[in-house]
Each structure stands twice: as structure tokens, then as C-alpha cells.
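Predicted structure and sequence below. I'll ask about it afterward.
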Amino acid sequence: MVFKKDEIIFLLGAGASVDAGIPASCGMIEKLERLLVDDSSWEKYVTLYYFVKSAIIYADGIKGDFDYYSFNIERLVNTLDELRKSDEHPLYPFIGSWNIKLPEVTGNDFKKLGSFRQKIVEQLSHHWVQLEYDENAKYYSGLARFQEEYQYPLRVFSLNYDMCVEKACQQFGVERGFGEGKFWDWRIFDDEERIENRLFLYKLHGSIDWVRDGNDSLTYKDSGISPDKVEIIFGTTYKLQYIDPFLFFAYEFRKRLLTDVRLLVCVGYSFADEHINGIISQALNGDHSRKVLVIGPTDDIEERVDQISKILKVNSTENIVLWNCGAKEFLENRLSVEGLSEFFPNDEAPFEEISA
């Protein structure tokens, strides 16, 4: 069979960039914990970190969730964001008092929560998600090669802050929505016929090269962005903000998935985002002919597929297929229109056109 326009879209998670040397969210926690022990400039945050981490794990345990892998860099930063609101938090009037340990680990100065967060974001944007060598992300060019075979514009939704897609597919052309003056404009995506680039990239959580100018307009810079200015978002609470491009991209993902899409290809996605999972679940339950292809290593394919089906709240695992391989192996060697067509074996071939 031949896929029609917008019948295939891609969703990239943190696992997609691991082969490029960029740690996933849980891997960033490991790096953070090493810094807290080995780097004297992080030493003052040690007790604060231990307290916040313990509190998050404790809260999960109360609900019967003892999977410590659910604690990651996004949950940490999101929690710090909530805590530093202090008496400005909408729930503050309903809370009798803070945990007695919190004032102790902050030194009665809640600004320490903000400085800790800023230091984490600086480390993330300036080190953890930076490519050591551009060629490390070369395998991402498989997306561009697939687009040429597919022959229609390819929509790639990414949950990552890194620049892997942009670096690897630069020569093929990547449309990110920035127009005249390097400012982001949603209308660019709304005028597809005039776009020369054939790979549309929607960065749902922002990017390490994004920043807002004095008029709050989104633009991008090659370097020199302060960690408190880089336009990235953490935590499920903030992933559907009212500001663009985040709201626009979330809407686009939902619109595409609920209309023409027949196959969603998830590369390195851990299914830990409630909003994204909700949209995927709605798409699968709304049309049982849709399928999800999951790319990622696992010790037990059947068990992992069953786990994903429960997360997505779908009654059957027939619509979920898992390929037990990493992103590099998939994008370099296994991604093709013919390979993906095998998921729809019962489709009738289209009638041949008869010339008059």
C-alpha cells in the first residue's frame, strides 16, 4: 500500500537521542546526583535535593506506586517550581503549614529553590542536551530519507529540547515555524503549499535555542541564552500552557492524530506524559484501525506492550506494535514505507488510473 498525506506522524521522546550521547530524563538525575557529590558549587543544594526527592517518592508510595524510575528531572524541576511559589500558590490558603523540614533545608529562604532550579536548567541546556559532535546525531537523517520515500510533508512531534533533528536534517530542510526576522509565526504552518521544507518539526516542550525578546515574541539564538530565559517547559502542569507555540503544537498533535493519521511512530517515548497519553488514547479508542508503533529496547516485548495498553487505557493490544531496537538502529536500517505498510496487510490496492 501507499500511505496518503498525513497518515503517518512521528513522536520523539528522550530515548530517541540517547544514541547521540544525550541522556534521557532519568539519566540526567544520575548526572545531577554525581554533581551534588563531586562538585563543591552544588554542595549547598544537597540536603534540599534529598528532601525533595524523598518527598516525591513518599507521595508516590502512598498511592501504591513504588517505581522509582518515575522520578526524573522534569518532576524535580516542576516540584521546585511549585514550592517556590510559596504563599502565591493557589493552594496556600488550604495548607496548614509547610513540612517542618522544608524551611530547614532552604535555610528559611525560598529563593534557594529558584537558584537550585536555575542551576539545573543551566546544566541541562548548556551541557546535558548539547551534542558533543554533530555527527553523533547523524542517524536522525533517516527521517529525511523516509520523507523522500513517503513523498508528502512529514510531521515530526518532539518532546526533546535538543537540536538533533535540526543538525542531522539541515541539508534536507526543517520547518520550525520561524519566519521574517527569525520570529515564530503559527501562520507558516497554516500555509503549507508555500513551504519548501518537507519536514515539519513541532517541539512540544521547547528548545534550548529558543528565547523571547522584550516584546515576548519567540525567536532563536545560536548561543548566549541565560538559563532563566531559555524557552523550555517542565512537568505535565505546564505542557499545555495558554501561550504559543506550546498550545499551538499540542493542538496540532491532537488534530493530526484524530483526523487523518493511521500510524503513529513513537521513537524513544516512555509514555510518561499524561497529556500526550490522553491524546493518543483518544485517537486509538476513536478509530480502532489506527496503530501505534513503539521503538525502544525492552527485556519483554509482550509485557511492555501490555503495560503500554494499560497506560493508554485501550482494551486490546492489537493496535500497539513494539520493535525491540534503539532509535539509531531503527532510523538507519529499519525505517521504510514498505516496512510500515506491513501493519496494514488487508488494505486493497488502489484502482489504477485509466487514461482517456
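Looks like it came in fine. Numbering: from 1, shown residues only.

centre of the chain versus stretch 269-286, how much separation?
Between the mean C-alpha location of stretch 269-286 and the chain-wide mean there is a distance of 13 Å, by CA atoms, centre = their mean, to the nearest Å.

List of residues touching it?
Outside stretch 269-286, the residues that touch it by CB atoms under 8 Å, 6 or more residues apart in numbering are 11-16, 24, 70, 72, 159, 204, 236, 239-240, 250, 253-254, 257-258, 261, 264, 290, 292, 294, 296, 308, 311-314, 319. Using the backbone N, CA and C atoms, a C-beta is placed for each residue, glycine as well.

Now with 7 Å, please.
For stretch 269-286, contacts defined as CB atoms under 7 Å, 6 or more residues apart in numbering pick out 11, 13, 15, 70, 159, 236, 239-240, 253-254, 257-258, 261, 264, 290, 292, 308, 311-314, 319.

buried set for that stretch?
Of the residues in stretch 269-286, those with enough neighbours to count as buried (16 or more other CB atoms under 10 Å) are 269-273, 276-277, 279-280, 283-284.

Helices of this protein, start to end?
Secondary structure of the chain, counting by DSSP state H: helices at 25-38, 46-62, 73-84, 101-106, 111-123, 142-150, 164-168, 246-258, 274-286, 301-312, 327-329, 337-341.

pLDDT wise, what is Pro90 at?
Listed pLDDT for Pro90 reads 67.

I figured Ile208 was touching Ser125, is that so?
Yes: counting by CB atoms under 7 Å, Ile208 touches Ser125, with 4.5 Å between them.

what do these two both touch?
Val230.

out of the contacts of stretch 269-286, which are buried?
Under a neighbour-count criterion of 16+ other CB under 10 Å, the subset of those counted as buried comprises 11, 13, 15, 159, 236, 239, 253-254, 257, 261, 264, 290, 292, 308, 312, 314, 319.

Let's see which of those residues end up in strands.
Among the buried ones among the contacts of stretch 269-286, the ones falling in strands (DSSP state E) are 11, 264, 292.

center of this structure - which residue?
Ranked by distance to the mean C-alpha position of the chain (CA atoms, centre = their mean), the top residue is Leu159 at 1.4 Å.

which residues make contact with stretch 119-135 from outside it?
Counting by CB under 7 Å, 6+ apart, the neighbours of stretch 119-135 from elsewhere in the structure are 20-23, 28, 31-32, 77, 137, 161-164, 167, 208, 227, 230.

Going by neighbour count, which of those are buried?
Those of the contacts of stretch 119-135 that meet the buried threshold are 20, 22-23, 28, 32, 77, 137, 161-164, 167, 208, 227, 230, by 16+ other CB under 10 Å.

which of those residues has the weakest pLDDT?
Note: of the buried ones among the contacts of stretch 119-135, the lowest pLDDT belongs to Pro227, at 81.

Grab the nearest non-local neighbour of that residue.
Counting by CB to CB, 6 or more residues apart in numbering, Pro227 lies nearest to Glu122, which is 3.6 Å off, once chain neighbours are set aside.

any idea how far that neighbour is from Gly114?
With distances defined as CB to CB, to the nearest Å, the gap from Glu122 to Gly114 amounts to 12 Å.

Same check on Ile320?
From Ile320 over to Gly114 (counting by CB to CB), the distance is 41 Å.

Of these two, which one has the most company?
A direct count of neighbours by other CB atoms under 10 Å for Ile320 and Gly114 places Ile320 higher, at 20 against 15.

Tell me where the model's unsure across this structure.
Counting by pLDDT under 70, the chain has low-confidence residues at 1, 87-99, 235-242, 346-356.

Quickly list the domain ranges of it.
8-22+131-341, 25-128 (automatic domain parsing).

and the first one, how far from the chain's centre?
Between the mean C-alpha location of domain 8-22+131-341 and the chain-wide mean there is a distance of 7 Å, by CA atoms, centre = their mean.

Give me the distance between the two termini of that domain.
Taking CA to CA, to the nearest Å, the first and last residues of domain 8-22+131-341 lie 10 Å apart.

from now on call the first residue 34
Got it, the first residue is 34 from now on, which makes the last one we talked about domain 41-55+164-374.

Identify the residues contacting Leu116.
Applying CB under 7 Å, 6+ apart, we find Leu116 in contact with Leu146.

8 Å - rerun?
Contacts for Leu116 were tallied using CB under 8 Å, 6+ apart; they are 85, 135, 143, 146.

Would you mind saying which of the helices of the chain lies nearest Ser256?
Counting by CB to CB, Ser256 lies closest to helix 144-156 out of the helices of the chain; the figure is 13.5 Å.

Between helix 106-117 and that closest one, find me the angle.
150 degrees (axes from the mean of the first three to the mean of the last three CA atoms, to 10 degrees).

That concludes my questions; thank you for your assistance.
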